[in-house]
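# Sequence and predicted structure below; questions after.
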Amino acid sequence: MKKAMLNRKSERTYTGLPLSEDHEKKLIAYLEDDKNRIGINGNTIAIYYQKVIEQKNEKIGTYGIIKKAPAYLITLCKNTSEAMLDCGYVFEKLVLYLESMGIATCWLGGTFNRNKIKLVEGPATDEIIPIISPVGYSARKKAMMDHLFRKMAHSDSRKDFDLLFYDQEKTVIDDTNLKKQLAYVRVAPSASNQQPWRVVMDSEKNAHFYIHRTPKYGEQLGYDIQLIDIGIALCHYELATGNKRYFKKTEKISIEKEYWDYVISVGS
Ligand SMILES: Cc1cc2nc3c(=O)[nH]c(=O)nc-3n(C[C@H](O)[C@H](O)[C@H](O)COP(=O)(O)O)c2cc1C
């Protein structure tokens, strides 16, 4: 999974070839195992696998940004903060599992037309489709749109390490091993590459996750897309460190900044 975290990139241009029989079987088995879809807060995220029947409809559905994807994964869950975090965490684990088999994906929260999605069941009135992703094989040659999107979102770069990760006392982290682990969080994908996660490590090596929101970002979507980003970062942290004791801290940590909101902690 560590290799998958480093290798994964959003793929918007596909070969059009369907998933191999073996890959499709593995994907379906993964989705059928409920425990793979349970998040940190206990929400089960529904994930549907749907093949593209008409490429023309696909083009309309993703405004032409995704090319020749043979199938899509569609998430469905309640529109609560806890469920958004869980959606990020659960879906990134799946994305990385697929990456480890050489299957490409691209998180989509904004550039798809929700009205074009037809599900056999749902969504129920309190449910939304926060995220979909194409699934397929990467076309080596990228379409113009892919290059353009990557350039616009500065997808190939990440914020400086010292802007994202802090030590409770020293404000910058210099423990080499810890830095190596946090580097996996740094490469995580996020909506428009905003990287809203901030992490404070305390003296007992507990990680305290905060969100530094981009003002007004995603307001028109009607759900908290940047909390999905935090769920993704937590997934990377768990896979890099093996730590999964989630808790809410009660005491204040000294370097908290007023424009950060506290989300959750992970015990060492
Ligand atoms: C929650 C979320 C929503 C995203 N929504 C879109 C989207 O609507 N359209 C799109 O082309 N890319 C979308 N992306 C992909 C990001 O732009 C991409 O992850 C980021 O630029 C970093 O690039 P990378 O994934 O190649 O590392 C989304 C990513 C995340 C995590």
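That came in fine, so what should we check first?
# Show me what from this structure comes close to the ligand.
Within the chain, the residues that sit near the ligand (CB under 6 Å from any ligand atom) are 9-10, 65, 106-111, 149, 153, 155, 189-193, 225, 228-229, 232. All C-beta spots, glycine's among them, are computed from the backbone N, C-alpha and C.
# So which of the residues you listed sit within helices?
149, 225, 228-229, 232 (DSSP state H).
# Top of the residues you listed by number of neighbours, please.
Using other CB atoms under 10 Å as the neighbour test, these are led by D229, with 30 neighbours.
# Wait, that residue touches S192, no?
No. If you go by CB atoms under 8 Å, D229 and S192 don't touch, sitting 9.6 Å apart.
# following the helix or strand of the chain with the lowest mean pLDDT, which helix or strand comes up?
Of all helical and strand segments in the chain, the minimum by mean pLDDT, DSSP states H and E falls on helix 55-61, at a mean of 71. Of the helices and strands lying after helix 55-61 in sequence (DSSP states H and E), the nearest is strand 71-78.
# what helices or strands is the next helix or strand after that following strand leaning on?
Where DSSP H and E defines the elements, the next helix or strand beyond strand 71-78 is helix 81-100. Judged by 3 or more CB pairs under 8 Å, 6 or more residues apart in numbering; DSSP states H and E, helix 81-100 is in contact with helix 2-7, helix 21-32, strand 46-51, strand 71-78, strand 104-105, strand 132-136, helix 225-241.
# try 6 Å
If contacts are counted by 3 or more CB pairs under 6 Å, 6 or more residues apart in numbering; DSSP states H and E, helix 81-100 sits against helix 2-7, strand 71-78, helix 225-241.
# Can you point out the buried residues in the first one?
Spelled out, that is helix 2-7. Neighbour counts using 16 or more other CB atoms under 10 Å place M5 of helix 2-7 among the buried residues.
# ok, how many other residues are close to W197?
W197, neighbours per other CB under 10 Å, totals 27.
# Kindly report the same for the one 10 residues further on.
As a burial measure, the neighbour count of A207 was computed by other CB under 10 Å and equals 24.
# Setting the sequence-adjacent residues aside, check what's closest to it.
Computed as CB to CB, 6 or more residues apart in numbering, the closest residue to A207 that is not its neighbour in sequence is V266, at 4.6 Å.
# Kindly report the same for K142.
Of all residues not flanking K142 in the chain, T13 sits nearest, at 5.0 Å (CB to CB, 6+ apart).
# quick one: low-confidence parts of this structure?
Applying pLDDT under 70 to the chain flags residues 57, 60.
# Walk me through the domains of it.
Split into domains by automatic domain parsing, the chain comes to 2-143, 161-267.
# Kindly check the end-to-end length of the first one for me.
Spelled out, that is domain 2-143. 28 Å (CA to CA, to the nearest Å).
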